[in-house]
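S.K.: Sequence plus the predicted model coming up.
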Amino acid sequence: MESEKTAKKVRALGLTSGGLDSILSALILKEQGVEVSWISFTTPFFSCDAALKAADRYQIPLMVVDITDHFLEMLRNPRAGYGKNMNPCMDCHALMFARAGEIAVEEGFDFLFSGEVAGQRPFSQNKRSLRYVEKHSGFEGSILRPLSARVLPETEAERQGVVDRSRLGAITGRSRRRQIEMAAHFNVRDYPTPAGGCKLTDRAFSTRLRDLLHFRYGLVHSGQSLVDSNKCLGGKIAGKDLFLLHHGRHFRLDPETRVVVGRSDADNGMIETFYDPEKDTLLRMNDMPGPLVLIPGVVSLAMVERAAAICAGYTKAVTGQEVSVLVLSPQGKRIVKVKVPDSSNFQDFLI
């Protein structure tokens, strides 16, 4: 008869992006008989789409948790500061592990794991950064990185023998050769190519975000934190404002007016989903194809006319031609006549 110790199933909860490293880490542990589950976090800056696909393909239970409120609080003043753009990678990882650890305790998991590889990313995945994440997550010693375990300090799960350290990886650096070999061993195919899934690592997106936080919420990016500009704006940052940053071209016409211009039919469709008829202004060409233009919030007549000109500027109409733009606002529907400008006239307003 098995003892209670040997009969107990070892359970591990892993953070996943849905990428190859996450998949391999789970399969390494499954090969040792560990019962693995995944958790994926979402915010307006990153999604769980790849994780959902991986979980379905490899039949690994997945929990999806929205951490937007906690993430935005952390984003205001990350302990380790920002990366090259607006990405607070180290504190983001610490936040994720902290939340995953709380859930692991609640659900009776034995330890946490992730697909992180020591040295794969020079700033967020060097050994010092990995230690920082553990310390500030509150779960130091309980986070196993199966791909690099043998080059990292021994975790509690290894010390207790619930996983065999000798069968874990010792991968370091940016080369993907060993992971490709392991993928063949586990018959892992059609995995996404490694890339930054977080929009905060993107320079253009970060620029739009800084503009939004400054003019809409009175928060100024000081380099290592967001500080109050004392403009008495404030308020809770709306998810709509953040999701809208993903779509279209963004123009700053004045401190109160931001204009979002669709790039394609698909883009137009997404922008329209964020339109609030009671608060926003929407513009489209009245008698020819063209972009959808959204002006969030209250806007002056002069800015509506300037936005109408920008709308006309992204059509195939001839420069100088007079065209009609349909304007839908809280005050009602009307037509604005504008002359098609040369595109160089408004490029300086592009965020």
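M.R.: Arrived safely. Numbering: from 1, shown residues only.

S.K.: Sticking with residue 27, tell me its helix or strand.
M.R.: Under the criterion of DSSP states H and E, residue 27 resides in helix 20-31.

S.K.: So what's the gap between that helix and the chain middle?
M.R.: 23 Å (C-alpha atoms, centre = their mean, to the nearest Å).

S.K.: can you start the count at 56 instead of 1 from here on
M.R.: Okay, residue one is now 56; in that scheme the one you just asked about reads as helix 75-86.

S.K.: That helix packs against which elements?
M.R.: Contacts defined by 3 or more C-beta pairs under 8 Å, 6 or more residues apart in numbering; DSSP states H and E place helix 75-86 against strand 66-70, strand 90-97, helix 104-113, strand 166-169, helix 232-240. (Glycine included, C-beta is placed from N, CA and C.)

S.K.: Which among those is found nearest to residue 366?
M.R.: Evaluated over those, closeness to residue 366 peaks at helix 104-113, with 31.3 Å, by C-beta to C-beta.

S.K.: picking that back up, could the helices and strands packed on helix 75-86 be laid out in a markdown table, adding mean neighbour count, mean pLDDT and distance to residue 384?
M.R.: Output for those, formatted as a markdown table (neighbours: other C-beta atoms under 10 Å; pLDDT from 0 to 100; distance: least, C-beta to C-beta, whole Å):
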| stretch | mean neighbour count | mean pLDDT | distance to residue 384 |
| --- | --- | --- | --- |
| strand 66-70 | 23 | 98 | 45 |
| strand 90-97 | 21 | 98 | 33 |
| helix 104-113 | 18 | 94 | 35 |
| strand 166-169 | 26 | 98 | 48 |
| helix 232-240 | 14 | 93 | 53 |
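
S.K.: got JSON lines for these, with distance to residue 152 too?
M.R.: Listed next are the helices and strands packed on helix 75-86 as JSON lines, based on distance: least, C-beta to C-beta, whole Å:
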{"stretch": "strand 66-70", "distance to residue 152": "7"}
{"stretch": "strand 90-97", "distance to residue 152": "10"}
{"stretch": "helix 104-113", "distance to residue 152": "16"}
{"stretch": "strand 166-169", "distance to residue 152": "6"}
{"stretch": "helix 232-240", "distance to residue 152": "22"}
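
S.K.: wait, which of these is closest to residue 333?
M.R.: Closest to residue 333 of the helices and strands packed on helix 75-86 is strand 90-97 (C-beta to C-beta; 27.6 Å).

S.K.: Now do the closest one against helix 75-86, angle only.
M.R.: Angle, strand 90-97 to helix 75-86, by axes from the mean of the first three to the mean of the last three C-alpha atoms, to 10 degrees: 160 degrees.

S.K.: Check which helices and strands strand 90-97 is in contact with.
M.R.: Where contact means 3+ C-beta pairs under 8 Å, 6+ apart, strand 90-97 is packed against strand 66-70, helix 75-86, helix 104-113, strand 117-121, helix 144-162.

S.K.: what sits up against that strand?
M.R.: When contacts are defined by C-beta atoms under 8 Å, 6 or more residues apart in numbering, strand 90-97 is touched by residues 64-73, 77, 81, 84-85, 103, 106-107, 109-110, 115-123, 151, 154-155, 158, 164, 168.

S.K.: roughly how far is that strand from the heart of the chain?
M.R.: So, by C-alpha atoms, centre = their mean, the centroid of strand 90-97 is 17 Å from its chain's centroid.

S.K.: CA atoms only: put it into CSV for me.
M.R.: Extracted C-alpha coordinates of strand 90-97, given in CSV (Å, rounded to 0.1, in the frame of the first residue of the first chain):
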residue,chain,number,x,y,z
GLU,A,90,0.3,17.7,-12.6
VAL,A,91,0.7,21.1,-14.3
SER,A,92,-1.7,23.9,-14.8
TRP,A,93,-1.1,27.3,-16.3
ILE,A,94,-2.1,30.9,-15.4
SER,A,95,-2.0,33.8,-17.9
PHE,A,96,-2.6,37.4,-17.1
THR,A,97,-4.2,40.1,-19.2
